[in-house]
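[1] Pasting the sequence and the predicted model now:
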Amino acid sequence: MPKPRPQPRPGDEQSPREDAGHSGEELPVAGPPAASPPQALSMNEQQQITDDISKLTIVHEIALNSDFKLQAASFSPKSLENRVKEILHKAFWDSLEEQLSASPPDYTRAIQLLQEIKEALLSLLLPQHNQLRSQIDEALDMELIRQEAEHGALDIHGLTVYVLGTMARLCAPIRDEEVRGLQSLTDPAQLLREIFRVLGLMKMDMLNFTIQSLRTHLQDHTVQYERKKFQELLDKLPNSLDRTREWLCKAAAEVSVSSSQLPPHPAASGSPAAHSPGAVSSSTTVPNLTSVLNRGYMNLLCWEPGQKEYPETLFMDQARLQEVQAQVNQLTIIAAVLLVTSGMCGSTLCGSPGYEEALEDISNQVLQEVSRTLSHLGYAAFTTDKCASLKGQIKSIADKGNAVQHVVAQRIHSFLSLFISPDGQKSQKDFPKGLDPIQEELLEVGRRFGSVIHHNRQVFGPYYSEILKKMLLPDAEPDSDVGMDSF
């Protein structure tokens with residue numbers, strides 16, 4: 001006979017939740033070395049590299065994205081992966097239902113599920129939850145459950161009642177309604193399936209709570225971790241910094257032309273030096289290495305998508321930096337429109353209550369013309385979102401050759417360059433002339449840009465230092481810091 005089952009303690013099912021967590025002169029610049037032929041990697045090596053990149057990306061996102069949250073894996077409803085998953089899941093749960101409906105019931109799969117449910121509940125506990133841990137171990141004693149199943153005395157309903165009570169104590173407030181909804185299910189197979197699903201959500205909630213709780217601690221160690229993992233990738237993938245060398249080589253060529261041009265204007269990329277990384281001259285002037293790196297960072301705001309690959313050391317931030325680039329372009333157009341309007345209308349008019357209405361009329365007129373042209377050419381009309389985005393932008397200002405846009409872009413880039421300098425915070429009080437209407441937006445873009453660059457500099461500074469010294473100071477001693485200031 002099975003040993004007596006310990007009865008749940010009073011209040012276990014509906015007790016208050018415990019402390020669960022919830023939620024001028026040119027210089028000789030060496031061109032990038034030719035890459036060696038890629039070596040074939042085994043499937044295991046490829047999988048290991050993929051896993052390393054995944055871990056590195058997660059840690060990087062935690063460090064830079066304060067809203068970062070892990071999400072359950074999902075597939076497109078029509079994808080092969082989703083179809084396979086649905087078939088396998090249906091087969092499993094159909095089998096469970098058949099087993100529980102048999103006479104006598106077969107509890108094989110139910111016991112497997114109860115074991116996983118127990119492990120899931122235990123994984124949700126915090127270190128101080130010693131008493132609750134003991135209660136779960138006692139109430140979900142797997143050896144006792146197997147004995148009861150063998151003797152046909154297993155009480156699935158009683159076990160699920162205890163599980164639901166424990167889930168109610170541990171779940172985040174956002175899951176309260178879902179947990180309560182489970183109590184109305186009477187079919188044991190369906191109930192176990194839904195318990196399993198909600199527990200998965202609760203585990204994700206706990207992981208995200210842990211990430212938020214440990215964010216400060218993680219940020220103290222993420223630089224060393226990212227650098228270590230990146231070095232492990234380099235060890236497995238030789239010559240995998242070629243794009244980074246090309247990016248820095250281009251920046252060095254630009255700085256060698258005129259060290260006084262900081263930051264570069266987008267049009268500067270049309271200069272011969274900008275398109276000739278690795279150009280050699282007879283000058284022996286060596287630019288400050290930090291200036292070269294800063295120029296490279298500012299060039300990211302003028303990146304031409306689709307024409308060249310992002311540096312390997314910035315690949316994880318490509319989407320984030322391209323979003324900053326798009327915002328800078330939008331702010332340049334908006335500021336240029338406001339500057340032109342202010343110059344033509346005068347400051348008195350621009351400061352009057354009717355100024356915003358006048359700008360609204362201008363944007364509406366532009367939108368009407370664009371809509372008419374789209375219709376004439378047979379293109380689909382703009383969506384509501386596109387119309388809202390277009391309003392306030394004047395087509396002529398968007399021309400890169402426009403003098404006003406050129407001045408505005410220079411001022412914006414000069415201001416943003418302060419955010420990647422060690423003493424930039426002290427200088428941000430000197431806001432560029434004529435950009436007051438976009439001050440709040442520009443400050444936010446600057447902070448985002450500076451945050452990404454500051455972290456990148458911390459992680460990859462040693463790599464940049466080594467590449468630049470080999471490129472610009474080929475005769476320097478290996479450990480020399482000639483021409484180098486702090487990255």
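    Good, I have the coordinates.
[2] If you drop the residues flanking it in sequence, what lies closest to Lys118?
    Leu140 (4.2 Å; C-beta to C-beta, 6 or more residues apart in numbering). The C-beta positions use only the backbone N, C-alpha and C, and glycine is treated the same way.
[3] Report how many residues lie close to Gln131.
    Gln131 has 10 neighbours, counted by other C-beta atoms under 10 Å.
[4] roughly how far apart are it and Asp137?
    For Gln131, the distance to Asp137 (C-beta to C-beta, to the nearest Å) stands at 11 Å.
[5] and if you look at Gly181?
    From Gly181 across to Asp137, the span is 27 Å (C-beta to C-beta).
[6] Select the longest helix from this protein.
    helix 439-472 (DSSP state H).
[7] Quick check: Leu321 touching Val452?
    Yes - Leu321 is within contact range of Val452, at 6.3 Å (criterion: C-beta atoms under 8 Å).
[8] Which residue ranges make up the domains of this protein?
    Following automatic domain parsing, one finds the domains of the chain at 11-23+45-236, 242-472.
[9] can you list these in JSON lines and add mean pLDDT?
    Formatted as JSON lines, the domains of the chain follow (pLDDT from 0 to 100):
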{"stretch": "domain 11-23+45-236", "mean pLDDT": "80"}
{"stretch": "domain 242-472", "mean pLDDT": "74"}
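[10] Most tightly packed of these?
    domain 242-472 (a mean of 17; mean count of other C-beta atoms under 10 Å).
[11] how long is that one from one end to the other?
    Start and end residues of domain 242-472 are separated by 16 Å (C-alpha to C-alpha, to the nearest Å).
[12] Stretch 136-147 too?
    End-to-end distance for stretch 136-147: 18 Å, by C-alpha to C-alpha.
[13] Next, find the distance separating Gln405 from Ile412.
    Counting by C-beta to C-beta, the gap from Gln405 to Ile412 is 10 Å.
[14] which neighbours do those two share?
    Common contact partners of Gln405 and Ile412 (C-beta atoms under 8 Å, 6 or more residues apart in numbering): Thr332.
[15] May I have stretch 151-170 exported as PDB, CA atoms only?
    Taking C-alpha atoms only, stretch 151-170 is exported to PDB below (Å, rounded to 0.1, in the frame of the first residue of the first chain):
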ATOM      1  CA  HIS A 151      -2.300   1.200  -7.100                       C
ATOM      2  CA  GLY A 152      -4.800   3.200  -9.100                       C
ATOM      3  CA  ALA A 153      -5.100   5.800  -6.300                       C
ATOM      4  CA  LEU A 154      -3.600   8.900  -7.900                       C
ATOM      5  CA  ASP A 155      -5.600  12.000  -7.300                       C
ATOM      6  CA  ILE A 156      -4.900  14.200 -10.300                       C
ATOM      7  CA  HIS A 157      -7.500  16.700  -9.300                       C
ATOM      8  CA  GLY A 158      -6.000  17.200  -5.800                       C
ATOM      9  CA  LEU A 159      -2.500  17.600  -7.200                       C
ATOM     10  CA  THR A 160      -3.700  20.300  -9.700                       C
ATOM     11  CA  VAL A 161      -5.500  22.200  -7.000                       C
ATOM     12  CA  TYR A 162      -2.300  22.400  -5.000                       C
ATOM     13  CA  VAL A 163      -0.300  23.400  -8.100                       C
ATOM     14  CA  LEU A 164      -2.800  26.200  -8.900                       C
ATOM     15  CA  GLY A 165      -2.600  27.500  -5.400                       C
ATOM     16  CA  THR A 166       1.100  27.600  -5.500                       C
ATOM     17  CA  MET A 167       1.100  29.300  -8.900                       C
ATOM     18  CA  ALA A 168      -1.300  31.900  -7.500                       C
ATOM     19  CA  ARG A 169       1.300  32.600  -4.700                       C
ATOM     20  CA  LEU A 170       4.200  32.900  -7.100                       C
END
